[in-house]
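# 3D model of this:
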Amino acid sequence: MTHHGGRRTQAERDAITVEIGYALCSAAFAAAVVFGAVAGPALLFDLPDTPESLLLRVGMVLAPVLFAVRVVSVLVRFRSAAQPSQPGRTSPDS
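Below you'll find the predicted structure:
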């Protein structure tokens, strides 16, 4: 994304597509793991009604929130990493 207001190259469009795919897949995996960790005991074991419903509801709230946060954080990190601090120069530690 070196062009400001111009057309993106095919490589830039491909990089964005790959990054979006990575963000969605990693977010879905993280949300599934968190839902399984939180709501899993309620689904696997015979718990009293109150803890069972509480665990399921917390899992159903945490999973989509984590999904959204993960997608946004990956895409924001990608966007900020794509813009060099000094255009035309390499950083000293590269």
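# and the helix or strand hosting Arg70, what does it pack against?
In this assignment (DSSP states H and E), Arg70 forms part of helix 49-81. Packed against helix 49-81 by the contact rule (3 or more CB pairs under 8 Å, 6 or more residues apart in numbering; DSSP states H and E) you find helix 10-44. Heads up, the C-betas are built off the backbone N, CA and C, glycines and all.
# for Phe67, give me its contacts.
With contacts defined as CB atoms under 8 Å, 6 or more residues apart in numbering, Phe67 is in contact with Ala27, Ala28, Ala30, Ala31.
# pLDDT at the second one, what is it?
By that I understand Ala28. Looking at Ala28, its pLDDT stands at 97.
# so which bits of stretch 8-25 are buried?
Neighbour counts over stretch 8-25 (16 or more other CB atoms under 10 Å) mark Ile16, Glu19, Ala23 as buried.
# before we move on, back to that, of the contacts of Phe67, buried ones?
Ala27, Ala30, Ala31.
# which one of those residues is nearest Val74?
Ala27 (7.4 Å; CB to CB).
# roughly how far does Val72 sit from Ala23?
Using CB to CB, to the nearest Å, we find Val72 at a distance of 8 Å from Ala23.
# next, count neighbours for Val34.
As a burial measure, Val34 scores 17 neighbours (other CB atoms under 10 Å).
# residues contacting it?
Going by CB under 8 Å, 6+ apart, the list of residues near Val34 reads Gly59, Leu62, Ala63, Leu66.
# and it, what pLDDT?
For Val34, the model assigns a pLDDT of 96.
# from Ala63, how far out is it?
Distance, Val34 to Ala63, by CB to CB: 6 Å.
# again, but for Val69
Applying CB to CB, the value for Val69 to Ala63 is 11 Å.
# which of those two has more neighbours?
Comparing Val69 with Ala63 by other CB under 10 Å, the one with more neighbours is Ala63, at 21 against 13.
# having no further points to raise, I will conclude here.
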